[in-house]
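In: Test case, fold it:
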Amino acid sequence: MREAERGLHVTLEAVARTAGVSPATASRALNGTARVRDDLRSRVLAAADRLGYIPNAHAQALASSSNNTVGVICHDVGDPYFAAIASGVMAAAAERGLLVMLASTFREPGREIAYVSMLRAQRARAVLLIGSGFQDPSWERELAAELTPYARSGGRVAVVSRHRSLRVDTVLPENRAGAAALARALLGLGHRDFAVLTGPERLTTVADRLAGFRAALAEAGVVLPQDRVVEGAFTRDGGYAAAQELLRRGRPPTCVFAVTDVMAVGALAALRERGVRVPDDVSLAGFDDIPLVRELTPPLTTVALPLPTMGRAVLELALREPVGRRSRVERVRGEVVLRGSTGRCS
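Out: Have a look, this model is predicted:
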């Protein structure tokens, strides 16, 4: 008996695994949007039949009204950073009578490419990538292979954050400059002993924020030792675990910079559990200014980005008529906001 007949939900990823291909290849083989080798197509179709795969009916229905559909792909819609940007996209889309399809990749590069392939198959009017790019040449090539023919056929693409080799319209938060400005503000409070809680450096946002912070410290003659840089998942739990690891390494610094507010929230919980007072014992700062951090005790020092405005901007950029073949970049400056989580270092 097939899985569908047993009442189990069969996903595109399951078909791809069974056929021994990537999700993007399985999607192309099933929807016919690009040429796939005959042997691969046969394997995918056989796997779909064996598993009883039924394409998402909602997606098929949206395909019929594709000119009114915008696809938004983020890393995790449960993350307040992405939720705030997505809210801006949705508000702007509603004003234009557009439908929004929202997908979370959970920072899996292959899943991002599969979603792009699906939106391309549905002939969505625009595809918006609102998560950080990956510093991964293989991922860049596969993504470009999906987006280039989509754009040639009239589809619109725009992204938030730096994507190294994609020649697409971009809303670019000035992550490096914002982190540098934050470092200078913290130096101005007298701090000289720092640690950074960072996400995976394969993410361009992480790499840029860490580089900007480190460069500003170096300009002031302050070294950030490698053992003071602790990597964790780009999440609240990742910040919690990274702060715990920092404390295990010995005497804490006077100031900790978490490269996102979400990580800073987790770090604050870990510091409290260990009896470390913020800011009396350790100052703590983040980046993004998600709404939650203003309500913390103490409220979080951060670099504020206009997140909903960035969502509006990326949609407007995608829908604006292109000017030649040159991609457009709208830079977004971050503003340092000093709050109660940081204090002067005597």
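
In: Could I get the CA-only coordinates of stretch 290-307 as CSV?
Out: Extracted C-alpha coordinates of stretch 290-307, given in CSV (Å, rounded to 0.1, in the frame of the first residue of the first chain):
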residue,chain,number,x,y,z
ILE,A,290,13.6,43.9,17.4
PRO,A,291,10.6,45.1,19.5
LEU,A,292,11.1,42.6,22.3
VAL,A,293,14.4,44.1,23.5
ARG,A,294,12.9,47.3,24.6
GLU,A,295,10.8,45.4,27.1
LEU,A,296,13.7,43.4,28.6
THR,A,297,15.0,44.1,32.1
PRO,A,298,17.3,45.9,31.5
PRO,A,299,16.4,47.0,28.0
LEU,A,300,19.0,46.1,25.4
THR,A,301,21.6,48.3,23.8
THR,A,302,21.6,47.6,20.1
VAL,A,303,21.9,48.8,16.5
ALA,A,304,18.5,49.7,15.3
LEU,A,305,17.4,48.8,11.8
PRO,A,306,14.0,49.9,10.4
LEU,A,307,12.9,46.3,9.8
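
In: how about it: buried residues?
Out: 290, 293, 296, 298, 300-307 (16 or more other CB atoms under 10 Å). (C-beta placed from N, C-alpha, C; glycine too.)

In: Rebuild the residues you listed as CSV, extending it with distance to residue 205, secondary structure and pLDDT.
Out: Shown next, in CSV, are those (distance: CB to CB, whole Å; DSSP: H, G, I helix; E, B strand; the rest coil; pLDDT from 0 to 100):
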residue, distance to residue 205, secondary structure, pLDDT
290, 14, coil, 95
293, 17, helix, 95
296, 22, coil, 94
298, 25, coil, 97
300, 18, coil, 98
301, 19, strand, 98
302, 15, strand, 98
303, 12, strand, 98
304, 16, strand, 98
305, 11, coil, 97
306, 16, coil, 97
307, 13, helix, 96
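
In: how about those residues, which pair is most distant?
Out: With CB to CB as the measure, no two of the buried residues of stretch 290-307 lie farther apart than 298 and 306, at 23.3 Å.

In: Helix, strand, or coil at the nearest residue to residue 168 once chain neighbours are set aside?
Out: Spatial nearest neighbour of residue 168, excluding adjacent residues (CB to CB, 6 or more residues apart in numbering): residue 157 at 4.6 Å. With DSSP: H, G, I helix; E, B strand; the rest coil as the basis, residue 157 sits in strand.

In: what's near enough to touch residue 157?
Out: Neighbouring residues of residue 157 by CB atoms under 8 Å, 6 or more residues apart in numbering: 126-129, 147, 150-151, 166, 168-169, 318.

In: For it, report the pLDDT, please.
Out: Listed pLDDT for residue 157 reads 89.

In: Just grab the bridge partners of it for me.
Out: residue 127 (DSSP bridges).

In: Assumed residue 284 was part of a strand.
Out: Yes - counting by three-state DSSP, residue 284 is part of a strand.

In: The nearest residue to it once chain neighbours are set aside in helix, strand or coil?
Out: Closest residue to residue 284 apart from its sequence neighbours, by CB to CB, 6+ apart: residue 341 at 4.6 Å. Per three-state DSSP, the local secondary structure of residue 341 is coil.

In: List the contacts of residue 341.
Out: By CB under 8 Å, 6+ apart, the contact set of residue 341 is 264, 268, 278-279, 283-285, 296, 298-301.

In: And the helix or strand hosting residue 151, how far out from the chain middle?
Out: Using DSSP states H and E, residue 151 maps to helix 137-152. Relative to the mean C-alpha coordinate of its chain, helix 137-152 is positioned 18 Å out (CA atoms, centre = their mean, to the nearest Å).

In: Tell me where this structure has strands.
Out: Taking DSSP state E to define them, one finds strands in the chain at 69-74, 99-104, 126-129, 156-160, 169-173, 194-198, 229-231, 255-258, 283-285, 302-304, 329-332, 335-337.

In: Output stretch 78-98 as CSV, nothing but the C-alphas.
Out: This file holds the C-alpha atoms of stretch 78-98, laid out as CSV (Å, rounded to 0.1, in the frame of the first residue of the first chain):
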residue,chain,number,x,y,z
GLY,A,78,9.5,32.6,14.0
ASP,A,79,12.6,34.9,14.4
PRO,A,80,11.4,38.4,15.2
TYR,A,81,13.9,39.9,12.8
PHE,A,82,12.4,38.1,9.8
ALA,A,83,8.9,38.5,11.1
ALA,A,84,9.3,42.3,11.3
ILE,A,85,10.7,42.4,7.7
ALA,A,86,7.9,40.1,6.5
SER,A,87,5.3,42.3,8.1
GLY,A,88,6.5,45.2,6.0
VAL,A,89,6.4,43.1,2.8
MET,A,90,2.9,41.9,3.6
ALA,A,91,1.6,45.4,4.4
ALA,A,92,3.0,46.7,1.1
ALA,A,93,1.7,43.7,-0.8
ALA,A,94,-1.8,44.1,0.6
GLU,A,95,-1.9,47.7,-0.6
ARG,A,96,-1.3,46.4,-4.1
GLY,A,97,-3.7,43.5,-4.0
LEU,A,98,-0.9,40.9,-4.1
